[in-house]
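1. here is my input, please return the structure:
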Amino acid sequence: MVNETSDFLGADYNWYNVVVTLDEVHPLHGGIQLTVKGSGQVSVTLVKHRGQQTKYRFFINQDECQRLKQLLLEHNFLTIQPEERLGIPDEARPTITIKNAQHQSHRVAKWAGVQNDRFDPIYDILGAIAAQTQDHQPLSQPEARWLTVVKFLSIGLLAISIIFLARAITHQIVLSIDPQSPADFLLPVASMTAIVPLLLGICVGLEWLVVRQKSFFSRPNSLILVILGMLYAINLTMVIPFVLGRC
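-> Next up is the predicted model:
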């Protein structure tokens, strides 16, 4: 039998990149927003009726992750079609969304008062995961802000590194065509070799201070920092011959 959800999620190794979200926030009464990644990382936002938010971030074990995946497949999430009707005043409307490794998403929503034997077990396990916030400390506001600062600073450095890498590669191509072309073309790239390590170190240091209880690769911005470090290393291979040639 064809299982549309299995096809949507893809091979088992893709599960690590799958994201499952539950959004159950009422405009007047608040609620919860939950994100569960296949890696086990969980983010929960508790929204109060006045819009005040309390954020949590923690990890669940792989048994729980696999149980969630099993329920999605067992109930063939992509084919769930809850009964549609007009909502009752103040009735919640939980929405579950899954996003696969190719960034395709599928969403299913239903009114809280509508029973659905396939939607409800998935909703229940997500609710149980969200309830684990009582075992964890909420993120402080400064911590949440610093994580955002690190993220945007890292992305900015990533963009700068890509630009300068493209510039260095272009220069190498120009030199191969015209060896007499001005060598000063690489001077801005060379200057970045002093600036980028400092900023990269600040990013790593800030993230370590905020989430030092987790291993490096379990931290939110680690992938960006790793890619940034790799690009910087590639930039160095372009710059070092240039600097040595001017000495």
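
2. just the helices in the chain please.
-> 4-9, 62-74, 119-130, 141-177, 187-210, 222-246 (DSSP state H).

3. and the shortest one, which residues are buried?
-> Going back to what we said before, that points to helix 4-9. 5, 8-9 (16 or more other C-beta atoms under 10 Å). Glycine gets a C-beta too; all of them are placed from N, C-alpha and C.

4. out of these, which is nearest to residue 88?
-> Ranked by distance to residue 88 (C-beta to C-beta), the buried residues of helix 4-9 are led by residue 5 at 29.7 Å.

5. redo the buried residues of helix 4-9 as JSON lines? Include distance to residue 31.
-> Formatted as JSON lines, those follow (distance: C-beta to C-beta, whole Å):
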{"residue": "5", "distance to residue 31": "25"}
{"residue": "8", "distance to residue 31": "26"}
{"residue": "9", "distance to residue 31": "27"}
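
6. which ones are touching residue 21?
-> 33-36, 96-99 (C-beta atoms under 8 Å, 6 or more residues apart in numbering).

7. I should have written residue 38 there, sorry.
-> Neighbours of residue 38 in contact, by C-beta under 8 Å, 6+ apart: 14-19, 65, 69.

8. list only buried entries from those.
-> Here, 16+ other C-beta under 10 Å leaves 15, 17-19, 65, 69 buried among those.

9. least trustworthy helix or strand in the chain by mean pLDDT?
-> Ranked by mean pLDDT, DSSP states H and E, the weakest helix or strand in the chain is helix 187-210, scoring a mean of 61.

10. and for the nearest residue to residue 26 once chain neighbours are set aside, the neighbour number?
-> Ranked by C-beta to C-beta, 6 or more residues apart in numbering and with sequence neighbours excluded, the top spatial neighbour of residue 26 is residue 92, at 5.5 Å. Residues contacting residue 92 under the criterion other C-beta atoms under 10 Å number 16.

11. in the protein, where is pLDDT below threshold?
-> Applying pLDDT under 70 to the chain flags the ranges 1, 50-51, 140-151, 153-154, 157-158, 160-229, 231-232, 234-247.

12. what's the closest of the contacts of residue 21 to residue 48?
-> residue 33 (12.4 Å).
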